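> generate a structure from the sequence data that follows.
(one chain, ligands or ions: 1)
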Amino acid sequence: MASIPRSNTPALVQLLQWVFNPLGYMRTNFQRFGDCFQAEISPVNPEPLILLNHPEAIQYVLTHDSTKEITSPGDVNILAKPIFGENSLILLNGKQHRRRRQLIMPPFHGERMKAYGDSIYTIAREVMATWEIGKPFYVRDAMQQITMRVILQVVFGLHEGERYRRLERLLAERLNLITTPVTSILVFFPQLMLDLGSWSLAGKVRRLIQETDDLLYAEIRERRAEPNPERKDVLSLLLSARDEEGQGLTDAQLHDELITLLVAGHETTATALAWAFYWVHRLPEVRHKLMAELAAYRDTPDLMALARLPYLTAVCNETLRIHPVALVTLPRRVEKSMQIQGYDLQPGMLLMGCIYLVHHREDLYPDSHNFRPERFIERNYSPYEFLPFGGGVRRCIGAALAMYEMTLVLSTILNECELELLETQEVKPVRRGGTLAPSGGIRMCKVGESPHQVSARTVAPTAV
Ligand code: HEM
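This is a model prediction of the structure:
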């Protein structure tokens with residue numbers, strides 16, 4: 001049996017490459033070592049970290065990640081603690097993690113999506129209404145406005161009032177501060193986050209955390225005091241949820257889960273949507289095909305049917321394939337000596353599925369750097385060949401919501417307004433916190449109403 005290949009580049013250099021040029025780091029090591037290699041990229045975990053990029057190896061790990069062989073520990077995600085809070089699902093281990101997921105999962109199941117469709121549709125139209133013809137805007141920021149409002153409504157149950165407006169503004173400020181390409185580096189070097197007073201980054205983050213926390217705790221206290229069984233948002237459901245021992249969540253646990261869902265849910269989906277707009281407007285043939293499909297469904301009141309359209313779904317899948325927002329899965333830990341694909345694995349090793357490298361395997365996705373949604377129509381990929389949301393016991397809780405949001409926002413906006421891409425050069429991905437986002441945010445501008453809107457208007461008078 002072979003031991004896992006490892007680079008002799010010093011650990012600090014590997015960490016810097018991973019932070020500043022993660023795609024280059026992964027590609028170089030893939031070319032040198034192939035399907036599996038040891039990466040020295042964790043500033044906090046001393047255990048060897050193995051990146052896997054063969055679907056069969058990933059399948060083995062993700063189908064055994066709560067067994068005596070492999071586990072899915074949360075305490076190794078220590079870098080996430082200052083962002084999500086110590087009670088976050090992401091930091092929980094074993095039984096505690098399983099119980100918390102049981103509490104949180106129900107509102108995120110596919111069938112609940114129906115209830116969220118109208119909110120997503122309305123929010124997309126509200127944000128779109130602020131775009132003026134000929135005035136450039138950053139599509140990533142616009143998508144972040146949409147996904148933030150969706151989370152505030154769907155998860156927190158907030159849609160109006162002073163507290164909603166303040167939370168929207170303060171949360172966006174708080175998240176933006178820690179996710180610019182420069183400051184996101186501090187996620188990997190938390191010791192550099194020195195609090196040197198209210199003008200330092202750490203000082204500003206501390207102030208924003210205090211202000212948002214006061215608002216969130218006030219909301220939790222009020223909702224506990226006046227429970228309303230009619231409300232269907234995630235916070236209401238979590239307030240009344242009890243585990244098998246009859247225990248509910250404390251205020252601190254609720255707070256950390258809300259922040260987790262907000263951070264994990266809105267940044268990621270906004271970035272994915274921004275990339276989708278970029279590709280649809282960069283490639284005229286993709287846009288024409290998509291517009292033709294949408295034209296047939298323009299007036300359908302059934303948003304679930306719209307979200308299932310095959311080419312629209314393929315465009316969203318191809319977006320998540322070519323630019324998987326999360327590059328790797330969360331780590332799993334080897335508990336017993338074992339072999340995977342001829343490699344020896346020792347207890348204590350941490351394993352991560354390398355989503356980016358799998359999605360760019362030429363044996364699965366020929367010309368992997370070309371955006372071609374047809375791949376997803378011509379072939380069915382297994383959940384270990386296409387895994388933007390990971391898998392196993394830590395599979396993304398918000399996968400159904402994110403896909404629904406992507407398809408609905410994309411179709412609503414394309415159906416109603418005509419946009420132009422203002423970027424003439426290829427847009428490159430850059431690190432934004434733990435994710436990869438389009439560099440510069442992608443400038444676009446509204447040039448008119450969608451051809452669908454115009455033709456609907458011209459047809460309407462004759463119909464009447
Ligand atoms: C395009 C959007 C999104 C992408 C690409 C994405 C991707 C991922 C990935 C790769 C993981 C790790 C899975 C693993 O290790 O196997 C994950 C975990 C997670 N995601 Fe997402 N996500 C997205 C949207 C969302 C949304 C909308 C929410 C909630 C509102 C959410 C909440 C979470 C949570 C709570 C976890 C941790 C699960 C656990 O530890 O058990 N994500 N996501």
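> when you work out contacts or count neighbours from here on, use the C-alpha atoms and nothing else.
OK.
> hmm, residue 27 is touching residue 357, no?
Yes. Counting by CA atoms under 8 Å, residue 357 is a contact partner of residue 27 at 7.4 Å.
> neighbour count for the two, which is higher?
Shown here are residue 27 and residue 357; by other CA atoms under 10 Å, residue 357 has more neighbours (21 against 15).
> pretty sure that one is touching residue 28, no?
No. Residue 357 is beyond contact range of residue 28, at 10.8 Å (criterion: CA under 8 Å).
> in the stretch 1-150 of the chain, what residue lies closest to the ligand?
Nearest to the ligand, among the residues of the stretch 1-150 of the chain, is residue 90, at 3.8 Å (CA to the nearest ligand atom).
> now that residue: how far from residue 98?
11 Å (CA to CA, to the nearest Å).
> between those two, who's got more neighbours?
Per other CA under 10 Å, whichever of residue 90 and residue 98 has more neighbours is residue 90, with 24 against 15.
> show me the shaky parts of the stretch 101-250 of the chain.
Within the stretch 101-250 of the chain, the ranges that satisfy pLDDT under 70 run 178-199, 201.
> for it, which segments count as helices?
Taking DSSP state H, counting those that start in this stretch as the criterion, the stretch 101-250 of the chain carries its helices at 113-128, 139-154, 162-179, 201-225, 234-240.
> just these: most buried one?
The highest average neighbour count among the helices of the stretch 101-250 of the chain, using mean count of other CA atoms under 10 Å, belongs to helix 139-154 at a mean of 23.
> can you give me the end-to-end distance of stretch 276-295?
Span of stretch 276-295 from end to end, CA to CA: 18 Å.
> how about the contacts made by the residue of the stretch 1-150 of the chain closest to the ligand?
Residue 90 sits next to 74, 77, 80, 97, 260 when contact means CA atoms under 8 Å, 6 or more residues apart in numbering.
> ChimeraX command to pick out the buried ones of those residues?
In ChimeraX, a selection of the buried entries from the contacts of residue 90 looks like this (16 or more other CA atoms under 10 Å):
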select :74,80,97,260
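> now pLDDT, secondary structure and distance to residue 401 too, for the contacts of residue 90, in TSV please.
Converted to TSV, these look like this (pLDDT from 0 to 100; DSSP: H, G, I helix; E, B strand; the rest coil; distance: CA to CA, whole Å):
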residue	pLDDT	secondary structure	distance to residue 401
74	94	coil	23
77	89	coil	24
80	80	helix	22
97	94	helix	21
260	91	helix	15
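> which among the contacts of residue 90 are in contact with the ligand?
For the ligand, the contacts drawn from the contacts of residue 90 by CA under 6 Å from any ligand atom are residue 260.
> quick one: which of the contacts of residue 90 is nearest residue 167?
Lowest distance from residue 167 to the contacts of residue 90 (CA to CA) belongs to residue 260, with 15.1 Å.
> got a list of what the closest one touches?
Contacts for residue 260 (CA under 8 Å, 6+ apart) come out as 84-85, 88-90.
> mind listing the strands for the stretch 1-150 of the chain?
36-39, 49-52, 70-71, 136-138 (DSSP state E, counting those that start in this stretch).
> possible to save these as CSV with mean neighbour count?
Listed next are those as CSV, based on neighbours: other CA atoms under 10 Å:
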stretch, mean neighbour count
strand 36-39, 22
strand 49-52, 24
strand 70-71, 24
strand 136-138, 17
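> so which bits of the stretch 1-150 of the chain are right by the ligand?
Counting by CA under 6 Å from any ligand atom, the stretch 1-150 of the chain comes close to the ligand at 89-90.
> can you do 8 Å?
Remark: the part of the stretch 1-150 of the chain in contact with the ligand comprises 62, 74, 89-92, 97-98, 101, 108, using CA under 8 Å from any ligand atom.
> for residue 387, which non-adjacent residue is closest in space?
Nearest residue to residue 387, sequence neighbours excluded (CA to CA, 6 or more residues apart in numbering): residue 355, at 6.4 Å.
> go on, residue 92?
Excluding the flanking residues, the one nearest residue 92 by CA to CA, 6+ apart is residue 74, at 4.6 Å.
> if I look at the residue nearest to the spatial centre of the chain, how far off is the ligand?
Compute the mean C-alpha point of the chain, and by CA atoms, centre = their mean the closest residue is residue 268, 2.7 Å away. For residue 268, the distance to the ligand equals 4 Å [CA to the nearest ligand atom, to the nearest Å].
> residues contacting the spatially closest residue to that residue that is not a sequence neighbour?
Distances taken as CA to CA, 6+ apart put residue 325 closest to residue 268, at 6.1 Å, once the chain neighbours are dropped. By CA under 8 Å, 6+ apart, the residues touching residue 325 are 268, 271-272, 388, 435-437.
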